[in-house]
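Colleague: structural data only, the sequence is not supplied:
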């Protein structure tokens with residue numbers, strides 16, 4: 001649905017560690033590293049998710065970004081990885097029938113307090 005998304009981070013090192021852990025089970029990793037800007041991509045190698053140092057404005061507003069998982073098992077594995085990181089879990093993995101049948105997701109906070117979701121639609 002989107003071409004790419006970019007987040008400005010207060011602590012790029014902490015955000016990199018968080019997203020590398022969370023997104024690894026989805027096959028997403030850092031494919032471009034410009035020092036203060038990172039591009040993450042899936043198997044196609046095209047960076048569609050970017051992280052950069054906070055450069056504009058003051059306090060950030062919370063954003064919500066959701067990543068698609070291939071199965072509930074992947075959602076569960078991400079939950080366990082995030083738990084080991086000590087990151088805040090907003091909602092443990094569960095089905096959200098109010099969205100649609102089969103909507104299974106975990107919600108967490110990244111180091112900049114953004115709301116990150118990983119969802120399986122199976």
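Modeller: Everything's here; your move. Treat the numbers as computed from the prediction; the structure is a model and nothing was measured.

Colleague: select the longest helix from this structure.
Modeller: Across the chain, the helix with the greatest residue count (assigned by DSSP state H) is helix 72-85.

Colleague: return the set of buried residues in the very next helix or strand once past that helix.
Modeller: Once the chain leaves helix 72-85, the next helix or strand it forms, by DSSP states H and E, is strand 89-95. The neighbour-count check on strand 89-95 (16 or more other CB atoms under 10 Å) flags residue 93 as buried. For the C-beta atoms, the positions are set from N, CA and C on the backbone; glycine is no exception.

Colleague: specify the angle between strand 89-95 and helix 72-85 in degrees.
Modeller: 160 degrees (axes from the mean of the first three to the mean of the last three CA atoms, to 10 degrees).

Colleague: in its sheet, what does the helix or strand just after strand 89-95 sit against?
Modeller: Next along the chain after strand 89-95, taking DSSP H and E as the criterion, comes strand 104-109. Strand 104-109 has its sheet partners listed here by DSSP bridges as strand 89-95 (antiparallel), strand 115-120 (antiparallel).

Colleague: output the contacting helices and strands for the longest helix of the chain.
Modeller: helix 12-23, strand 89-95, strand 104-109, strand 115-120 (3 or more CB pairs under 8 Å, 6 or more residues apart in numbering; DSSP states H and E).

Colleague: quick one: average pLDDT of that helix?
Modeller: Average pLDDT, helix 72-85: 96.

Colleague: how about it: buried residues?
Modeller: 72, 74, 75, 76, 77, 78, 79, 81, 82.

Colleague: surely the first one touches residue 121?
Modeller: No - applying CB atoms under 8 Å as the test, residue 72 and residue 121 come out as separate, 10.2 Å apart.

Colleague: joint contacts of those two?
Modeller: residue 104 (CB atoms under 8 Å, 6 or more residues apart in numbering).

Colleague: tell me where the model's unsure across this protein.
Modeller: Residue ranges of the chain with pLDDT under 70: 1, 57-60.
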